[in-house]
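1. from the sequence below, what's the structure:
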Amino acid sequence: MHNTMVAAHTGCGVYPDNTMASFEEGIKFGADIVEVDVRITQDGIAILLHDDSPYLHSHTFEQLNNPDIRPLLDPIYKDHEIATLEQVLQLSASLGIKLNLDIKTVDAIEPTVRLIHQFEAQNRVFITGCSDNITIRYPDIQVMLNTPDDLSLEQMERYGDFAEAVCREAKQAGYAGLNMNGFTCLPPIVIRAHALGLKVWVYTVNFRSAMEWFLRMKVDAITTRAPIDLIALKKE
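-> A predicted model of the protein is given here:
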């Protein structure tokens, strides 16, 4: 039987997105993969953060993590320290948890790759988001190709051609697979990707009916803010 992995989207529990508390929740819920967003501070420290901020470009990590400065980055940091990618890799290492590192900017690639190598985490880390030339420069790093969030009417009408083109691009460029918005993922692309040895991940799927649809489609991972529901559904 095909084993679709459960990927816990950051903020899948009661704690705010991209905090260590949220990351630990994803692990506690029993997810196979935990997803986080990665940006860097002015001094090149990789941190967990989704949105850009001018403070990232003018403050070092130590300055940003000051309790008086943290809330300027985001109000959630009034009660939470800024989480670093190093903390995430260190905590997950002994547990064997897989990670989806959604890199938000080109300048975050090098610090991220250095940490993956430092923790020898190549076999359990997948990169999504900004992936410029990673497959060429670092062929030992597993990278998922982000496909378009939306498809045109022509692409939907000629979906087979779209699937063929995307899968060919991913295979030729050395990607491990496709990371797809759930609204754009249909059976032809899963069949074609698997025939080429590529994985297919879908995001962000929070409702039971959609989870059932993708489980039947045999995608390789479903990213969700409801990992407990997906785990329960897989056991039925």
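2. the strands in this protein, which residues?
-> 5-8, 33-40, 46-48, 98-103, 125-129, 142-146, 177-181, 199-203, 221-224 (DSSP state E).
3. packing partners for the longest one?
-> Helices and strands in packing contact with strand 33-40 are listed as strand 5-8, helix 20-28, strand 46-48, helix 85-93, strand 98-103, strand 125-129, strand 221-224; criterion 3 or more C-beta pairs under 8 Å, 6 or more residues apart in numbering; DSSP states H and E. (Glycine included, C-beta is placed from N, CA and C.)
4. find the residue at the geometric middle of the chain.
-> In the chain, the centroid-proximal residue (C-alpha atoms, centre = their mean) is residue 100; its distance is 3.5 Å.
5. per-residue confidence for the residue nearest to that residue when sequence neighbours are not counted?
-> Sequence neighbours aside, residue 35 is the residue nearest to residue 100 in space, at 3.9 Å (criterion: C-beta to C-beta, 6 or more residues apart in numbering). Note on residue 35: pLDDT of 98.
6. ok so, going back, compare the strands of the chain and give me the one nearest residue 161.
-> Among the strands of the chain, the nearest to residue 161 by C-beta to C-beta is strand 177-181 (15.6 Å).
7. sorry, back to before: from the helices and strands packed on strand 33-40, which stretch is densest packed?
-> strand 221-224 (a mean of 28; mean count of other C-beta atoms under 10 Å).
8. now that one, how far from the chain's geometric center?
-> Taking C-alpha atoms, centre = their mean, to the nearest Å, the mean C-alpha location of strand 221-224 is offset from the chain mean by 9 Å.
9. just checking, what packs against it?
-> strand 5-8, strand 33-40, strand 199-203, helix 208-217.
10. still on that earlier bit, now do the contacts for the residue nearest to residue 100.
-> 7-10, 26, 99-102, 128, 223 (C-beta atoms under 8 Å, 6 or more residues apart in numbering).
11. how close does the nearest residue to residue 148 once chain neighbours are set aside get to residue 190?
-> Take residue 148 and drop its neighbours on the chain: the residue closest to it by C-beta to C-beta, 6+ apart is residue 184, 6.7 Å away. The gap separating residue 184 from residue 190 is 12 Å, by C-beta to C-beta, to the nearest Å.
12. more neighbours, the two?
-> Counting neighbours by other C-beta atoms under 10 Å for residue 184 and for residue 190 shows that residue 190 has the greater number, 23 against 19.
13. low pLDDT regions in the protein?
-> 1 (pLDDT under 70).
14. remind me, longest helix of it?
-> Counting by DSSP state H, the longest helix found in the chain is helix 159-172.
15. who touches residue 33 in this structure?
-> Applying C-beta under 8 Å, 6+ apart, the residues contacting residue 33 are 5-8, 97-100, 126, 221, 223.
16. fine by me, we can end here.
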